[in-house]
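Undergrad: sharing a model prediction with you, sequence too.
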Amino acid sequence: MNDRIKALYRSHILVNAKDESHQGKLENATHVLEAYNPMCGDKYTLYIKLEGDKISKASFEGFGCAISKASTAVLSKQLEGKSLKEMKPLVEMFFELVNEDSDQSPESLTDNEDLLAFAAAREFPERKTCATLSWGELEKLV
């Protein structure tokens, strides 16, 4: 893992884990996704509000480690303004980004630093489940 990815991991994971801008129950959600890892107890509810074909609002509530919380926060931010169809390639890219067997460099997949920080999971496969927990639930929808 290069030094840039390490630095992004250290800084962006902590910042996004503490970011409360997309936290809380969304009362008028059109979709509610439950992400749960019984091995560690991380559990999130992701709320999505579709207006037409665009996601107008996304939020989450729940608890877990800093990586799963940061990843869920980043996912919530990424959802807004996109259609579910537009989210499919983003979800696929995220899974490739954290895949330790990928033949693509993280930087060739994205220049978004919030997303790029999770490429560090390539070096720590046991953290991959944390990073992909909420993304995996969204993948079932898109």
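TA: Cool, got the structure. Numbering: from 1, shown residues only.
Undergrad: pLDDT below threshold where in this protein?
TA: Per-residue confidence for the chain (pLDDT under 70) gives these ranges: 1.
Undergrad: for it, list the residue farthest from the centre, please.
TA: Distance from the centre of the chain peaks at G52, with 23.2 Å (Cα atoms, centre = their mean).
Undergrad: any idea how far V32 is from that one?
TA: Between G52 and V32 the computed distance is 19 Å (Cβ to Cβ, to the nearest Å). Where C-beta positions appear, they are placed from N, C-alpha and C, glycine not excepted.
Undergrad: same check, this time on V142
TA: Taking Cβ to Cβ, one finds V142 at 15 Å from V32.
Undergrad: tabulate the CA atom coordinates of the helix or strand in which L133 is found in PDB.
TA: Element membership for L133, per DSSP states H and E: helix 128-141. In PDB, the C-alpha atoms belonging to helix 128-141 read as follows (Å, rounded to 0.1, in the frame of the first residue of the first chain):
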ATOM      1  CA  LYS A 128     -13.000  -5.700   4.000                       C
ATOM      2  CA  THR A 129     -16.300  -6.900   5.600                       C
ATOM      3  CA  CYS A 130     -16.400  -3.800   7.600                       C
ATOM      4  CA  ALA A 131     -15.800  -1.600   4.600                       C
ATOM      5  CA  THR A 132     -18.400  -3.300   2.400                       C
ATOM      6  CA  LEU A 133     -21.200  -4.000   4.900                       C
ATOM      7  CA  SER A 134     -23.600  -1.300   3.900                       C
ATOM      8  CA  TRP A 135     -22.500  -1.400   0.200                       C
ATOM      9  CA  GLY A 136     -23.400  -5.100   0.100                       C
ATOM     10  CA  GLU A 137     -27.000  -4.300   1.100                       C
ATOM     11  CA  LEU A 138     -27.200  -1.500  -1.500                       C
ATOM     12  CA  GLU A 139     -25.900  -3.900  -4.100                       C
ATOM     13  CA  LYS A 140     -29.000  -6.100  -3.600                       C
ATOM     14  CA  LEU A 141     -31.200  -3.000  -4.500                       C
END
